[in-house]
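Novice: Here is my input; please provide its structure:
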Amino acid sequence: MSEFKYACPVCGQHISCDSSQAGAQMECPTCFQKITVPQAPSTDGQKFIITGTKKGERPVPTIPEAGSSSVLEKKSSLAVALVLLVLIGMAVAAVFVFRGKIFKSTGTETNQVANASGKEQAIKPATPPKPAIIAPVANDTNWMLNLAVMTNLPDSTAAGRIHGKDFIVERAFLQNGTLTLREGRSGPADFGLQINFGGAQPEALAEKSINVTTNALMAAHVTLRWKDAELDARQGFDGAYAMRLQFGTLANNRMPGKIYFCAPDEMKSYVAGTFNVEIRKPKPKTAGGK
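Specialist: Numbering: from 1, shown residues only. Below you'll find the model as predicted:
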């Protein structure tokens, strides 16, 4: 057994004991605290054990400082936050600098879509126009100056030949006592015929039948109109022609009719068939009553 000394952990009093008492409890002669005797030193050169252990205390294990890890975590979080703020700032700056290109391109794409849609609508086929009315080919056998052989007037649209050109009635109207049968529905009436009844009113012609032979003493004036080398041309007849003209009932400013007209010209002009007359208001008289 070897004797050694140790210090009281409370008052620092040096206490002597031998190695056999290691781990036993002793009372400090100075502060009277219960002390657990420490293990004897491993070498003879060491005279003292640093301290004993107060009864009831346990050696406190060495624990890493919690503050250091918290500081590291705080520093790491702060660094991440700073990086995020920098990235957000860069993104905002980029949007601000290039805002014109960004929003302009978006608008352009929208306009392109709208234009494409408009083009698709424009590509849609329009309603096809009504087919043009074509006059049937004239036949010399229909040119007859004898009304006795023309008893049954054709029920087809009035057509024939005027000054050597095939003709079909597309519009008929009665105005100021003059019946106009023309080709085409608009523009000047430069291809057709006009029959002047001397100012007769529509009511006077309704449901009437007019027959004119080539030797009639009195006859309505008839004018043939056509284009000759793009110039207006006309030819008038006060008689020597054959005509059978029938009018139906007048209703709603309309009046049906049938005609057979045969002119005594060298071109063998004639018109035969049905038509529907539009009643127009008389033209206003000019100054002086003309």
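
Novice: what's around the nearest residue to Pro256 once chain neighbours are set aside, how many residues?
Specialist: Closest residue to Pro256 apart from its sequence neighbours, by C-beta to C-beta, 6 or more residues apart in numbering: Gly248 at 3.9 Å. All C-beta atoms are positioned from the backbone trio N, CA, C, and that covers glycine. As a burial measure, Gly248 scores 16 neighbours (other C-beta atoms under 10 Å).

Novice: Now do the contacts for Gly248.
Specialist: 206-207, 255-257 (C-beta atoms under 8 Å, 6 or more residues apart in numbering).

Novice: 7 Å instead?
Specialist: Contacts for Gly248 were tallied using C-beta atoms under 7 Å, 6 or more residues apart in numbering; they are 207, 255-257.

Novice: same thing with Asp232?
Specialist: Contacts of Asp232 (C-beta under 7 Å, 6+ apart): Asp190.

Novice: Which helix or which strand is home to it?
Specialist: Here Asp232, judged by DSSP states H and E, is contained in strand 231-237.

Novice: Now that strand - C-alpha only, CSV.
Specialist: C-alpha atoms of strand 231-237 as CSV (Å, rounded to 0.1, in the frame of the first residue of the first chain):
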residue,chain,number,x,y,z
LEU,A,231,-71.8,52.5,-128.4
ASP,A,232,-75.5,52.8,-127.7
ALA,A,233,-77.6,52.0,-130.7
ARG,A,234,-81.3,52.0,-131.2
GLN,A,235,-84.0,51.6,-133.8
GLY,A,236,-87.7,52.7,-133.6
PHE,A,237,-90.9,51.4,-135.1
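
Novice: what are the pairing partners of that strand, and which direction each?
Specialist: strand 221-228 (antiparallel) (DSSP bridges).

Novice: Would you mark the buried spots in the strand it pairs with?
Specialist: Under the neighbour-count criterion of 16 or more other C-beta atoms under 10 Å, strand 221-228 has 222, 224-226 buried.
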